[in-house]
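Colleague: give me a 3D structure for the following:
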Amino acid sequence: MDAVDRLSFRIVHASSDVFIACAMAVEKLLCLRETGTRPRHVAAIDTRTGTITVVADVNPELKNIQFGRIERIEWAVPISCLISIAAAYGYVLYRRL
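Modeller: Numbering: from 1, shown residues only. Have a look, this model is predicted:
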């Protein structure tokens, strides 16, 4: 039995957010996190409950902006890419402005 066979895994938090450069700190996982409506910020994920707490937000003024529908587009050819497209608040698809 090698070391991988002895490991156990469980899902702590499931979302479509992007988590980058994570590191354990006691019972919290500290990560850089991006969402469709929020640029990169430092977040802590409680490994027992999955609760996310924002530790540092360098763009706090963006909390006051209302976004419309958010769409994520992913592809992996020739390189892996992920983009989020945010429609203006109140925008109706296929209706001319």
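
Colleague: can you show me the helices along the chain?
Modeller: Per DSSP state H, the chain carries helices over the ranges 3-6.

Colleague: dump the residue contacts of the nearest residue to Phe19 once chain neighbours are set aside.
Modeller: Leaving aside its chain neighbours, Phe19 sits nearest to Cys31 (4.4 Å; criterion: CB to CB, 6 or more residues apart in numbering). No exception for glycine: its C-beta is placed from N, CA and C like everyone else's. By CB atoms under 8 Å, 6 or more residues apart in numbering, Cys31 lies in contact with Phe19, Ile20, Ala21, Cys22, Ala23, Val42, Ala43, Ala44, Ile45.

Colleague: and Cys31, what are its bridge partners?
Modeller: Ala43 (DSSP bridges).

Colleague: not counting sequence-adjacent ones, nearest residue to the residue nearest to the spatial centre of the chain?
Modeller: The structure's the chain has its C-alpha centroid closest to Asp17; by CA atoms, centre = their mean the separation is 2.1 Å. Leaving aside its sequence neighbours, Asp17 sits nearest to Thr35 (CB to CB, 6+ apart; 5.0 Å).

Colleague: what pLDDT does the model give the one you found?
Modeller: If you check Thr35, the pLDDT there is 82.

Colleague: would you confirm that it contacts Ile52?
Modeller: No. Contact between Thr35 and Ile52 fails when scored by CB atoms under 8 Å: they sit 10.1 Å apart.
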